[in-house]
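> This is a predicted model, with the sequence first.
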Amino acid sequence: MVGLESLPATFTARMARGMEVHPRDLYRWRDSGEVVELSRGVFRRADAPEPSHPDLLAVATRAPRAVVCCASAAVVHGLSDEMEPSVQIAVSVAQNAPRISYPPTTVFRFDAETFEFGLSRVEVAPGEFVRIYDSARTVVDLMRLRHRLGEPLAHTVLNRYLERPGNRPAPVLEYARALGVVGPVRSALDIAGAR
């Protein structure tokens, strides 16, 4: 029998089965508190370091090709303090959208041609990374989805982005051109610059 110590810090039930862990043992570990169930079929060893963003880790483990986006990405990048009630992820229109009920998840479908623009990753636990859009792409995504996620959030994130030393409008405009929202983004940059 494979012991718990041979499993990675975060793993799926499928991974455990692949390592010949019987489901009975997996659920015994869960019931005894040796592992914590982060989401349906996603587990984390209790002796592993606490992740900085457990919900993002759970969702990324369930949907490894998805990318953390919009308000969730803004919080990770320190551009917003507004915690959304759900983890916001993007998938390519060419992919099937994952159905994740816990943690609550909102799925956005982005064009396949521009899906990987601004793709980055963030370490949410030692040696464990989650795919996320960089801060400039996050600003543009919030501007182009402002009708759905709110104008105030989009402008707050843009202003915080611009206040950071070293951040320039050029990358934001580059993404805005690629994503077809240069007009609204340029107007928002002009307003932010007039302050």
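Ah, there it is.
> residue contacts, Ala97?
Counting by Cβ atoms under 8 Å, 6 or more residues apart in numbering, Ala97 touches Val91, Val107, Arg109. Where C-beta positions appear, they are placed from N, C-alpha and C, glycine not excepted.
> Which of the helices or strands spans it?
Taking DSSP states H and E as the definition, one finds Ala97 inside no helix or strand.
> from now on call the first residue 7
Sure, I'll start counting at 7 from here, so that last one is Ala103.
> pLDDT below threshold where in this protein?
Scanning the chain with the threshold set as pLDDT under 70 gives 7-8, 199-201.
> change it to 80
Applying pLDDT under 80 to the chain flags the ranges 7-9, 89-90, 196-201.
> so who does the residue nearest to Asp117 when sequence neighbours are not counted touch?
Ranked by Cβ to Cβ, 6 or more residues apart in numbering and with sequence neighbours excluded, the top spatial neighbour of Asp117 is Val99, at 6.3 Å. Applying Cβ under 8 Å, 6+ apart to Val99 gives the contacts Arg115, Phe116, Asp117, Ala118.
> What of Leu148?
Taking Cβ under 8 Å, 6+ apart as the test, what Leu148 contacts is Cys76, Ala77, Ala80, Leu155, Leu159, Ala160, Val163, Leu164.
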